[in-house]
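In: this is a predicted model, with the sequence first.
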Amino acid sequence: MKLALQLGYWGADPIAEAPALVAAAELNGFDAVFTAESWGSDAYTPLAWWGAATERVRLGTAVAQISARPPTALAMHALTLDHLCGGRHIIGLGVSGPQVVEGWYGQPFAKPLARTREYVDIVRQVLARQAPVVSSGPHYRLPYPADAPGSTGLGRSLKPITHPLRADIPIWLGAEGPKNVAQTAEIADGWLAVFYSLSLADRYEQWLAEGFARPGARRRRDDFEVAAGAQVVITDDVAAAVDRYRPSTALYVGGMGAKGTNFHAELYTRMGYGDEVAEIGRLFLAGKKAEAIAAVPDEMVRETMLVGTAEEVRAQIKQWEAAGVGMLMVTARDVATIEQLAALV
C-alpha cells in the first residue's frame, strides 16, 4: 500500500502547516502529495510552491477541475510542472458539479462523460507533440471554426513550443458513478476514488473491468492505479473521531449539490444509506445544518474511514489493499500523524 498526503483546497486561509507536512511526507516515504481546488485556491500554484522543496514524492492534482481551464491550458500547466519537478507530476482531473461549473465558471455542465473524453484526448495530443493539436469537438473545437459565432477565421492548429519532458504524464480521473468509473478505466492511468467503501468494492471492480474490456483501453487492471481518499485516524476514542468527521459527511451528502443532483449523495445511496441521505438532504437544504449533522449515523461516517488503534488501522489498511486499493490519500494535518501512518505500512 502506498501513502499520499492530500492537502486538498484551502478554506478561508492557506494551510499554514503545509511546508512541514510536505517535508514529513517526503521524509517518511509517502509516494505522493496532492492538492485540490473548489472555488477558492487553485490546485497548481500551491503544488508548485510546496513541491519545489521536494526531491522524490510525486506531485499531483486531486483534482483540477476541467471547466477551470481549456484542455490546452491544463496541458501547459502539466508539462511546465513536470519539467520543474523532474518528471514527478500526476494529472488528476474531475468534472466537479453543475452548481460550480455553471455558477462559478459559467460553463455548461451537460455531457460530463463526453467532455472528459475530449479533454483527455486533447491533453494527450499536447503532451505527445507529434502534430498540431486538433479537435472536432463538439465540446472543445481546435482550431475554433471559421464559421462559428465570433470567429475571425484566423485560428490555426499549433504544437506546444516547449517540448514536454514526458509524453505519458499519468492522467488520473476522479469518478463516482458506474459509467464514469468505467470510462476512467478505459481512458486513464488511474482512478481517484473520493469516497471509497469496502461495501462497494465488488461493484467498483465490475465497473473497472467493463472499462478495461473496451476496445482500445489504455491499461489493464494490473498496471492501473487506484487511489482512495480516506480519513485515517489512529485513536483509542473512535466515537470522538467519528463525531469530528460527522459534519463533513453531512456537508458532502446534503450540501454539495442541489436537490436531485448530488453525486456524493448518489454514492452513499449505493452504499445502502438511501433513507439517511434523503433526510440529511432535506434538513440541509432547509437550512437546518445542525439537525442534518445529527442525522448522520456513526456507521455512515465510518463507511469511508479507517479508524481505531494502530493495530486495528493496520488491519483495515490490509482489507482495503486486498479489495484493490493501491494508494491511500490521507488528509493528515500534523507531522505526528504522518509518522504514525508511515510506520503502519
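Out: Yes, it's here.
In: strands of the stretch 201-345 of the chain, start to end?
Out: Counting by DSSP state E, counting those that start in this stretch, one finds strands in the stretch 201-345 of the chain at the ranges 225-234, 305-308, 327-330.
In: with mean neighbour count and mean pLDDT as extra columns, can I get those in CSV?
Out: Where C-beta positions appear, they are placed from N, C-alpha and C, glycine not excepted. As requested, these are exported to CSV (neighbours: other Cβ atoms under 10 Å; pLDDT from 0 to 100):
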stretch, mean neighbour count, mean pLDDT
strand 225-234, 22, 95
strand 305-308, 21, 96
strand 327-330, 25, 98
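In: rebuild those strands as CSV, extending it with distance to residue 52.
Out: Shown next, in CSV, are the strands of the stretch 201-345 of the chain (distance: least, Cβ to Cβ, whole Å):
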stretch, distance to residue 52
strand 225-234, 23
strand 305-308, 31
strand 327-330, 21
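In: so what are the domain limits for this protein?
Out: 2-232+309-344, 236-308 (automatic domain parsing).
In: what's the least confident stretch among those?
Out: Among those, domain 236-308 carries the lowest mean pLDDT, a mean of 92.
In: quick check: end-to-end length of that domain?
Out: End-to-end span of domain 236-308 (Cα to Cα, to the nearest Å): 6 Å.
In: centre of the chain to it, how far?
Out: Centroid separation for domain 236-308 versus its chain: 19 Å, with Cα atoms, centre = their mean, to the nearest Å.
In: which stretch among the strands of the stretch 201-345 of the chain comes nearest residue 46?
Out: With Cβ to Cβ, the closest approach to residue 46 among the strands of the stretch 201-345 of the chain belongs to strand 327-330: 15.7 Å.
In: who does that closest one pair up with?
Out: According to DSSP bridges, strand 327-330 forms sheet pairs with strand 2-8 (parallel), strand 225-234 (parallel).
In: neighbouring contacts of stretch 205-225?
Out: Contacting residues not belonging to stretch 205-225 are listed as 170, 172, 178, 181-191, 226, 324, 326-327 [Cβ atoms under 8 Å, 6 or more residues apart in numbering].
In: rerun at 7 Å
Out: Applying Cβ atoms under 7 Å, 6 or more residues apart in numbering, the contact partners of stretch 205-225 are 172, 178, 181-190, 324, 326-327.
In: next, the buried residues of it.
Out: By neighbour count on 16 or more other Cβ atoms under 10 Å, the buried set for stretch 205-225 is 205, 207, 208, 210, 211, 212, 217, 218, 219, 224, 225.
In: swap in stretch 269-282?
Out: Neighbour-count burial for stretch 269-282 [16+ other Cβ under 10 Å]: 269, 270, 271, 273, 276, 277, 279, 280, 281.
In: do the same with stretch 46-61
Out: 46, 47, 48, 50, 51, 54, 57, 58, 59, 60, 61.
In: just the ones of the residues you listed in helices?
Out: Using DSSP state H, the members of these that fall within helices are 46, 47, 48, 50, 51.
In: helices or strands up against the helix ranked longest in the chain?
Out: The residue-count maximum for a helix in the chain (DSSP H) belongs to helix 112-128. In terms of contacts (3 or more Cβ pairs under 7 Å, 6 or more residues apart in numbering; DSSP states H and E), helix 112-128 is packed against helix 71-84, strand 171-174, helix 178-187.
In: following element in sequence after that helix, please.
Out: Downstream of helix 112-128, the first helix or strand assigned by DSSP states H and E is strand 135-136.
In: after that following strand comes which helix or strand?
Out: strand 141-142.
In: hmm, back to that, dump the strands paired with strand 327-330 to a markdown table, plus distance to residue 159.
Out: Below are the strands paired with strand 327-330 laid out as a markdown table (distance: least, Cβ to Cβ, whole Å):
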| stretch | distance to residue 159 |
| --- | --- |
| strand 2-8 | 33 |
| strand 225-234 | 29 |
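In: figure out which of the helices and strands packed on helix 112-128 is closest to residue 255.
Out: Among the helices and strands packed on helix 112-128, the nearest to residue 255 by Cβ to Cβ is strand 171-174 (18.6 Å).
In: residues touching that closest one, excluding its own?
Out: Residues contacting strand 171-174 (Cβ under 7 Å, 6+ apart): 62-63, 90-94, 116, 120, 123, 184, 188-192, 194, 225, 227.
In: dump the C-alpha coordinates for it into CSV.
Out: Written as CSV, here are the backbone C-alpha positions of strand 171-174 (Å, rounded to 0.1, in the frame of the first residue of the first chain):
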residue,chain,number,x,y,z
ILE,A,171,-3.7,11.1,-16.0
TRP,A,172,-5.9,10.0,-13.1
LEU,A,173,-9.6,10.8,-13.1
GLY,A,174,-12.0,11.5,-10.2
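In: next one: it to chain centre, how far?
Out: 7 Å.
In: can you check stretch 216-235 too?
Out: 11 Å.
In: okay, and the beta partners of the closest residue to residue 227 other than its chain neighbours?
Out: In this structure, residue 227 finds its nearest non-sequential neighbour in residue 327, 4.0 Å apart by Cβ to Cβ, 6 or more residues apart in numbering. On the basis of DSSP bridges, residue 327 is bridged to residue 2, residue 227.
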